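K.L.:
Test case, fold it:
(one chain, ligands or ions: 2)
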Amino acid sequence: MNILAVGDIVASAGCGFLRERLPKLKKNENIDLVIANGENSADGNGITPVSADFLLNSGVDVITLGNHAFRRKEIYDVLDKSECIIRPANYPQKTTPGKGYMIYDMGRVQVAVINLLGCMYLNPLDDPYTVIDGILEKIDTKMIILDFHAEATAEKMAMAYYLDGKVSAVFGTHTHVQTSDERILPKGTGYITDVGMTGPYESVLGIRPDIAVRKFRDKLPVKFETADGKCRLDCIKFTIDDKSGKTIALKRMEIL
Ligand SMILES: [Fe+2]
Ligand SMILES: [Fe+2]
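P.N.:
Ligands and ions are numbered 1, 2, ... in the order given. Down below sits the predicted model:
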């Protein structure tokens, strides 16, 4: 089975580019399931019902989120109802809208998709190790994919080694910069520290460079605006053995 993981999709520019490129990519790479991080898919950050629908109508099967998951209140009801949008599982259990993992039924096989938020340089939530241990106990499939939305390389890598042999693949999101360290860990878990971004490339993580410069140079609040110009779709294909649930091949891509 081929699973495509797509990096943080930024604003309408990134959403539009995804819609343009994804159908051909799915066909060329024989993709069975698309998981995309949508935490920045709305203009002005976060995710809205409109941007979520746009992604799901563009060929995305499962949307994962991150530290911007709850920026837009209008998505809360959708998170509670949707079968295919998940938010980090380690937010407070009782009070947070939505759910932290889902099972995608593909007929011959079921794929579990889990979303977690890292604790380094982000809001310290529930311990991601305890939370994923609890989820793995409940899941009854060998095909398990984790989007670990985290800032620190070491935190993502350590989690991947912890899960090696227990899940099919771990991909990192949040930094918006694709890393070139994709690999299959010793016990068969596919891994990349960060899958990257889908959005305008001539930018600072999707934001207009002049605005980012003003923020860092002048230390005054700024209003973020998405950059213009050419986009890029950063993604990785995990080829996973249906029976063992192990990754047998990886292909990291930057689609221009
Ligand atoms: Fe992001
Ligand atoms: Fe993020």
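K.L.:
So which residue is smack in the middle of the protein?
P.N.:
Geometric centre of the chain, nearest residue: Asn37, 3.2 Å, by CA atoms, centre = their mean.
K.L.:
what's across from that residue in the sheet?
P.N.:
Thr64 (DSSP bridges).
K.L.:
and if you look at Val167?
P.N.:
Asp164.
K.L.:
Mind pulling up the pLDDT for it?
P.N.:
For Val167, the pLDDT comes out at 98.
K.L.:
Identify the residues contacting it.
P.N.:
114, 136, 144-146, 189, 245 (CB atoms under 8 Å, 6 or more residues apart in numbering). All C-beta spots, glycine's among them, are computed from the backbone N, C-alpha and C.
K.L.:
What of Ser180?
P.N.:
Residues near Ser180 by CB under 8 Å, 6+ apart: Arg252.
K.L.:
Can you classify it by secondary structure?
P.N.:
At Ser180 the chain is in coil, as set by DSSP: H, G, I helix; E, B strand; the rest coil.
K.L.:
roughly how far apart are it and Gly66?
P.N.:
To Gly66, Ser180 is 22 Å away according to CB to CB, to the nearest Å.
K.L.:
now the residue nearest to the centre of the chain: how far from Thr173?
P.N.:
Counting by CB to CB, the gap from Asn37 to Thr173 is 4 Å.
K.L.:
what does the stretch 101-250 of the chain put close to ligand 2?
P.N.:
Applying CB under 5 Å from the ion, we find that the stretch 101-250 of the chain lies next to ligand 2 at His174.
K.L.:
do that again at 8 Å, thanks
P.N.:
Within the stretch 101-250 of the chain, the residues that sit near ligand 2 (CB under 8 Å from the ion) are 122, 149, 173-174.
K.L.:
what two of the residues you listed are the furthest from one another?
P.N.:
Largest separation among those by CB to CB: Leu122 and Thr173, giving 12.0 Å.
K.L.:
Around the closest residue to ligand 1 within the stretch 1-150 of the chain, count how many other residues there are.
P.N.:
Nearest to ligand 1, among the residues of the stretch 1-150 of the chain, is Asp8, at 3.6 Å (CB to the ion). For Asp8, the neighbour count with other CB atoms under 10 Å is 29.
K.L.:
got it, and the one 3 residues further on?
P.N.:
Counted with other CB under 10 Å, the neighbours of Ala11 add up to 22.
K.L.:
quick one, what contacts it?
P.N.:
So Ala11 contacts 40-44, 199, 206, 226 (CB under 8 Å, 6+ apart).
K.L.:
How about Gly245?
P.N.:
141-144, 167-168, 188.
K.L.:
Can you mark which positions in the helix or strand harbouring Glu254 are buried?
P.N.:
Using DSSP states H and E, Glu254 sits within strand 247-255. Buried residues in strand 247-255, counting neighbours by 16 or more other CB atoms under 10 Å, are found at 247, 250, 252-253, 255.
K.L.:
residues touching Tyr101, list them.
P.N.:
Taking CB under 8 Å, 6+ apart as the test, what Tyr101 contacts is 86, 89, 112-115, 135, 139.
K.L.:
Scan those and report the most crowded one.
P.N.:
Asn115 (31 neighbours).
K.L.:
I'd say that residue and Gly100 touch.
P.N.:
Yes: if you go by CB atoms under 8 Å, Asn115 and Gly100 touch, sitting 5.8 Å apart.
K.L.:
and for these two, which residues touch both?
P.N.:
Contacts common to Asn115 and Gly100, judged by CB under 8 Å, 6+ apart, are 86-89.
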